[in-house]
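> show me how the following folds:
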Amino acid sequence: MPRFLARRILGSLPLVLLVLTATFAALHFAPGDPVRLYLGPDADAAAVNAARHALGLDRPLAVQYLEWLLRFVRGDWGTSLAQHRAVTAVLSDALAPTLLLTGTGLLLTYLLGVTVGTLQAARRGTALDTALTVATTVLAAVPAYVLALGLVLVFTFGSTRWGWPSALRLPAIGAEGVGADFLDPVQRLGDRVRHLVLPALTLSVIGAAGLARFARASVAGALRQPFVAAARARGLAERRVLLRHAARNALLPLVTLLGLQLPALFSGAVFVEAIFAWPGMGRVAVQAVLARDYPVVMAVTAVFALLVIAGNLLADVLAAWSDPRVEESA
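From the prediction side, this is the model:
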C-alpha cells in the first residue's frame with residue numbers, strides 16, 4: 001500500500017504544477033491592475049510605479065512565478081493585497097466552513113444517489129423507475145445557480161408567503177444568524193444546520209442525480225449475478241438480497257466515482273458559497289479574483305488542488321481495500 005500511494009502522489013504532482021501555472025498566467029493576463037484598485041483612480045503614475053515595485057509586480061512574469069512557488073513550498077504564502085493579512089490567516093478562517101459544506105455535500109450526494117439508484121434497480125421497468133429516471137436526468141442537467149435560486153424561492157421566500165411552518169423557512173445567507181453568539185450550544189447548532197441545508201442541497205442534488213444513474217446500472221447488473229439467484233434460492237427475503245448481496249457488491253464502481261465527484265464538489269462550492277454568502281474558500285476566491293488579490297487566489301487554487309488529490313487518494317485506497325486487484329494492477 002505505501003508504494004501504491006507513493007506512485008499516486010508522484011503522479012499527481014505534475015497536474016498540481018500545471019494547474020498552478022495556468023492559474024498564475026490567467027490572473028496576470030486578465031484585465032485589471034490591483035495597484036490601481038488599492039490606490040484609487042486619482043493616484044499618480046509615480047505612486048503606482050512605486051507600489052508595483054514594492055509588491056514585485058514589475059518583475060518578469062516567470063521570475064514572479066518562480067519566486068512565489070519557492071516561497072509557497074517553504075510555507076510562506078504571502079500577504080493578501082486586499083486585506084493586508086497573511087494569506088494563511090485568511091484561508092484558516094475559510095477552510096473549516098468549506099470542509100463542512102463539501103463534506104456534507106459529499107455525504108448527501110452518495111446517500112441520495114445510492115438510495116435512488118438502488119430503488120430504481122429494484123423497481124426497474126415500472127412507472128416509479130421511469131419517473132425517477134426523468135427526474136434524475138433533468139436534475140443532472142440543471143445549472144447549480146438555477147437550482148440554488150429555485151430552492152431560495154421555495155424555502156426562503158415561498159415558505160413565508162405560503163405560511164409554511166417555521167421549521168421549513170430556511171435562511172439563504174451566511175452560515176449563522178445575526179444573534180447566534182447569544183444562543184446556547186444546542187440552539188446555535190440548530191441555527192448552523194438550518195443555514196447549511198440550502199447550500200448543501202444545492203451542492204449535492206445535481207451530483208446525486210448523476211450518481212443515481214450509475215448506481216442503478218451497477219445494482220441492476222449485480223441483481224443478474226448467480227450469487228443473487230443463489231441467495232433467492234435459499235429463501236432469503238428480497239430486501240435482504242437487495243441490500244446485503246446486490247447493493248454491497250455494486251459499491252466498488254461507485255467508490256471509484258469519488259475521485260470524479262470531489263472536483264465537481266469543490267468547483268461547485270465556489271459558486272454555491274458566492275450565492276449563499278457562505279464564508280468559505282470559494283467565496284474568498286471570488287472576492288480575491290474581483291480584487292485581483294493574486295496571493296489569495298493562488299493559495300486557494302493550491303489548497304483546492306491538494307484537497308482534490310487527497311480525495312482521489314482516498315478513493316484509490318478504498319478501491320484497493322475493497323478489491324486487492326486494483327492495487328496489484330496499479
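> and residue 209, how far is that from residue 13?
Noted for residue 209: a distance of 33 Å to residue 13, by CB to CB, to the nearest Å. Yep, even glycine has a C-beta here, placed from its N, CA and C like the rest.
> kindly apply the preceding question to residue 223 instead.
From residue 223 over to residue 13 (counting by CB to CB), the distance is 42 Å.
> more crowded one of residue 209 and residue 13?
Between residue 209 and residue 13, counted using other CB atoms under 10 Å, the more crowded position is residue 209 (23 against 10).
> that one against residue 134, yeah?
No - at 10.8 Å, residue 209 and residue 134 do not qualify as touching, with contact defined as CB atoms under 8 Å.
> averaged pLDDT, the longest helix anywhere in the chain. What do you get?
Ranked by number of residues, the top helix in the chain under DSSP state H is helix 185-223. Mean pLDDT, helix 185-223: 88.
> would you mark the buried spots in it?
Across helix 185-223, burial judged by 16 or more other CB atoms under 10 Å covers 188, 191-192, 194-220, 222-223.
> return whichever strand or helix holds residue 263 as PDB; C-alpha atoms alone will do.
Here residue 263 sits within helix 258-276, counting by DSSP states H and E. Written as PDB, here are the backbone C-alpha positions of helix 258-276 (Å, rounded to 0.1, in the frame of the first residue of the first chain):
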ATOM      1  CA  LEU A 258     -15.400   9.500  -5.600                       C
ATOM      2  CA  GLY A 259     -12.400  10.800  -7.500                       C
ATOM      3  CA  LEU A 260     -14.700  12.400 -10.000                       C
ATOM      4  CA  GLN A 261     -17.200  13.700  -7.500                       C
ATOM      5  CA  LEU A 262     -14.700  15.700  -5.500                       C
ATOM      6  CA  PRO A 263     -13.500  18.100  -8.300                       C
ATOM      7  CA  ALA A 264     -17.100  18.800  -9.100                       C
ATOM      8  CA  LEU A 265     -17.900  19.400  -5.400                       C
ATOM      9  CA  PHE A 266     -15.000  21.900  -4.900                       C
ATOM     10  CA  SER A 267     -15.700  23.700  -8.100                       C
ATOM     11  CA  GLY A 268     -19.400  23.800  -7.300                       C
ATOM     12  CA  ALA A 269     -18.600  25.100  -3.800                       C
ATOM     13  CA  VAL A 270     -17.100  28.300  -5.400                       C
ATOM     14  CA  PHE A 271     -20.500  29.300  -6.900                       C
ATOM     15  CA  VAL A 272     -22.600  28.000  -4.100                       C
ATOM     16  CA  GLU A 273     -20.700  29.900  -1.400                       C
ATOM     17  CA  ALA A 274     -20.900  33.000  -3.500                       C
ATOM     18  CA  ILE A 275     -24.700  32.700  -4.000                       C
ATOM     19  CA  PHE A 276     -25.400  31.900  -0.300                       C
END
